[in-house]
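Trainee: Generate a structure from the sequence data that follows.
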Amino acid sequence: MNWNEYVQLLAGLVSVVNPISAMPIYLSLTARKTPAERRQTAISTAFAVAMVLLTSLLAGEPILRFFGIGLPAFRVAGGLLLLLMGISMLRVSDDRSRHTPEEEAESYDKTSVAVVPLAMPLLAGPGAISTTIVYAHRDLSLNHYLLFSTVIVSVSLIVLVTLLLAPRIVAIMGQTGMNVVTRVMGLLLTSIAVEFIANGATALFLRI
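Mentor: Next up is the predicted model:
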């Protein structure tokens, strides 16, 4: 992979994680917290996102091997999941694959909402994990894993900044502005999904 591909990977992973869509839920779940507690929640959420994606990067392939799942099949499955998420974002509708009402209701009874439901499954959900595992196998060199880790850390920092600035961003953009950003990210996510499905299907057909 060249530098342009890593920039594309960063943009794609940010689109999958989509911190913009998480801002209203973050503000709702932390409405009763003090500014200091809300800031700590944002930091914990970003850290949890980084840990989930880094674990997927390093342990994704062994987990697939353990369950006897080939990478081409996983690419197709992950691509279909991303496609559904992208279509949902284009329609600016709620995506139950990222979080469910039951998970949101349960989170109100917990001391911290940083890990569940904010980090998982809202931000570092199945789509982000699938994207990480698939892209991890584009190159097996140490430099690739180091650069990919840098991309993941960068995504986590973007999540942190977005959550910290959430009150101001929501006030400035309004619901219409957030819908526009969500649709643009949905279009990018749909394009990535089509590429995943095409590559995975091609590899599966070559086996026949």
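
Trainee: Stretch 146-158: which residues count as buried?
Mentor: Under the neighbour-count criterion of 16 or more other C-beta atoms under 10 Å, stretch 146-158 has 147, 148, 151, 152, 155, 156, 158 buried. For the C-beta atoms, the positions are set from N, CA and C on the backbone; glycine is no exception.

Trainee: what do you get for stretch 43-55?
Mentor: Along stretch 43-55, these residues count as buried under the neighbour rule (16+ other C-beta under 10 Å): 44, 45, 46, 47, 48, 49, 50, 51, 52, 53, 54.

Trainee: Tell me who's in contact with the last one.
Mentor: By that I understand residue 54. Contacts for residue 54 (C-beta atoms under 8 Å, 6 or more residues apart in numbering) come out as 149, 152.

Trainee: if we go to 10 Å?
Mentor: Shown in contact with residue 54 (C-beta atoms under 10 Å, 6 or more residues apart in numbering): 132, 145, 148, 149, 152, 153, 156.

Trainee: Helix or strand: which one has it?
Mentor: Per DSSP states H and E, residue 54 falls inside helix 35-66.

Trainee: mind checking how far the helix or strand following that helix is from the chain centre?
Mentor: Toward the C-terminal end, the helix or strand that comes next after helix 35-66 (DSSP H and E) is helix 71-90. Distance, stretch centre to chain centre, for helix 71-90: 12 Å (C-alpha atoms, centre = their mean, to the nearest Å).

Trainee: What angle do helix 35-66 and helix 71-90 make with each other?
Mentor: Note on geometry: by axes from the mean of the first three to the mean of the last three C-alpha atoms, to 10 degrees, helix 71-90 and helix 35-66 are set 150 degrees apart in direction.

Trainee: and of the buried residues of stretch 43-55, the nearest to residue 82?
Mentor: If you rank the buried residues of stretch 43-55 by distance to residue 82 using C-beta to C-beta, residue 53 comes first, at 15.0 Å.
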